[in-house]
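Undergrad: sequence first, then the predicted structure:
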Amino acid sequence: MFGKRKSNLLIPTNERFDTLIGKTSEIYGRMVVGESLRIDGKVVGNIESEENSKVTVAIGESGEVIGDIFAHRVMIAGKVEGNIYATERVEFHQTAQVRGDVTYGSIGIEHGAKVLGLVIQQVDKKTANQASDLIRAVQDKR
């Protein structure tokens, strides 16, 4: 009855990543991506996808992002220090460590993932913008 669950909460996807940032790579600055991106190294700066694109940003276990992430789908197994805006889905794997607010369409969280921040479900782009304004207002009052 109280045995360990064998099934994964998050179903693996057959995502194709056109850009890979390796474990030993560090990138400083804003990135605008038109294709899916996997990060196993370190990125300091915002990561943004092109408007209306179906870009996935995946952060591997050794990956680290210090900045905001704007994408269609975001999958995290590493560290993020910044806000996440996923129009479709955000997934936090067991090893995820996130410090920042999360705005999402749908969400998956594995047992063990650590998320410190507001978690806000969005309905559409207008709601996402309102959520972003709300987050800024709350942060300004701190």
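TA: Looks like it arrived, so ask away.

Undergrad: which stretches of this structure have low pLDDT?
TA: For the chain, residues meeting the criterion pLDDT under 70 lie at 1-15, 123-132, 142.

Undergrad: hey, what's residue 31 bridged with?
TA: residue 47 (DSSP bridges).

Undergrad: my error: substitute residue 71 in the last question.
TA: Beta-bridge partners of residue 71, as defined by DSSP bridges: residue 86.

Undergrad: and it, how many neighbours does it have?
TA: 25 (other CB atoms under 10 Å). Any C-beta I mention is one placed from the backbone N, CA and C, and that applies to glycine too.

Undergrad: that one and residue 119: what is the separation?
TA: 17 Å (CB to CB, to the nearest Å).

Undergrad: who touches the residue nearest the centre of the chain in this structure?
TA: When CA atoms, centre = their mean is applied to the chain, the residue found nearest the centroid is residue 74 (4.0 Å). Neighbour list for residue 74: 56-59, 84, 86, 89-91 [criterion: CB atoms under 8 Å, 6 or more residues apart in numbering].

Undergrad: mind redoing it with 7 Å?
TA: 57, 84, 86, 90 (CB atoms under 7 Å, 6 or more residues apart in numbering).

Undergrad: same check, this time on residue 31
TA: 43, 45, 47-48.

Undergrad: want to throw those into JSON lines with distance to residue 139?
TA: JSON lines is the format used below for those (distance: CB to CB, whole Å):
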{"residue": "43", "distance to residue 139": "22"}
{"residue": "45", "distance to residue 139": "19"}
{"residue": "47", "distance to residue 139": "20"}
{"residue": "48", "distance to residue 139": "20"}
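
Undergrad: out of the residues you listed, which are buried?
TA: Buried members of those, scored by 16 or more other CB atoms under 10 Å, are 43, 47-48.

Undergrad: on that earlier part again, nearest to residue 108, of the contacts of residue 31?
TA: residue 47 (19.8 Å; CB to CB).

Undergrad: you'd agree the closest one is up against residue 57?
TA: Yes - using CB atoms under 7 Å, residue 47 is in contact with residue 57, at 5.8 Å.

Undergrad: common neighbours of those two, please.
TA: residue 69.

Undergrad: how about residue 59: what's its closest non-neighbour residue?
TA: Distances taken as CB to CB, 6 or more residues apart in numbering put residue 78 closest to residue 59, at 4.3 Å, once the chain neighbours are dropped.
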